[in-house]
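Student: Sequence first, then the predicted structure:
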Amino acid sequence: MNAMGSYLKKHSEALVKDVGIEAACALTGKSKATLGRYYSQHPEHEDRFMPIDAVALLEEASSYPHVTAALAELKRITLSYDDRRKNDTREGGVNSDVVALSQRFAMLMAEYSQSIEDGIITVNEAKRLLKETVALQHVLIDMKLHLEEETT
């Protein structure tokens with residue numbers, strides 16, 4: 001088995017164990033044996049991988065998106081895990097997102113203005129700017145999801 005396959009199988013196993021084997025069976029409708037084959041390192045199962053819909057169901061119930069993170073790492077993509085909520089119903093809509101976006105942007109600009117006042121951005125100021133930037137990014141992601149919901 002190649003290194004990528006082995007890596008994905010290890011993360012599939014971590015996902016199933018995170019959720020619990022019984023709960024994973026109930027969520028996916030798969031048997032323990034079938035789930036076991038998805039992460040088995042044995043040569044006869046090297047070409048079996050968990051279907052993406054099963055991964056999505058299990059990651060919704062897990063404490064961490066194990067397989068999604070593994071796929072991202074394999075492509076050298078960095079993800080930002082948002083543990084504020086886990087795929088729950090987002091309150092509001094695009095209008096409330098626009099308000100939140102303008103408020104977050106104003107907070108970022110106020111932080112920047114204060115940080116650059118003396119001509120130098122210190123490490124602590126940079127950390128505060130980063131925190132505001134990440135908060136702004138979360139609002140943009142929520143807005144993107146709301147817009148996608150409206151187009152489907």
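Tutor: That came in fine, so what should we check first?
Student: helices or strands up against the longest helix along the chain?
Tutor: Determined from DSSP state H, the single longest helix within the chain is helix 123-151. Packing contacts for helix 123-151, counted by 3 or more C-beta pairs under 8 Å, 6 or more residues apart in numbering; DSSP states H and E, involve helix 94-116. Heads up, the C-betas are built off the backbone N, CA and C, glycines and all.
Student: residues of the helix it packs on that come out buried?
Tutor: By neighbour count on 16 or more other C-beta atoms under 10 Å, the buried set for helix 94-116 is 97, 100-101, 104, 108, 111-112, 115.
Student: tell me the domain ranges of this protein?
Tutor: 3-74, 94-151 (automatic domain parsing).
Student: among those domains, which is the most enclosed?
Tutor: Among the domains of the chain, domain 3-74 has the highest mean neighbour count (mean count of other C-beta atoms under 10 Å), at a mean of 16.
Student: what is the rounded mean pLDDT of that domain?
Tutor: Domain 3-74 shows a mean pLDDT of 93.
Student: end-to-end on it?
Tutor: This stretch, domain 3-74, spans 10 Å end to end (C-alpha to C-alpha, to the nearest Å).
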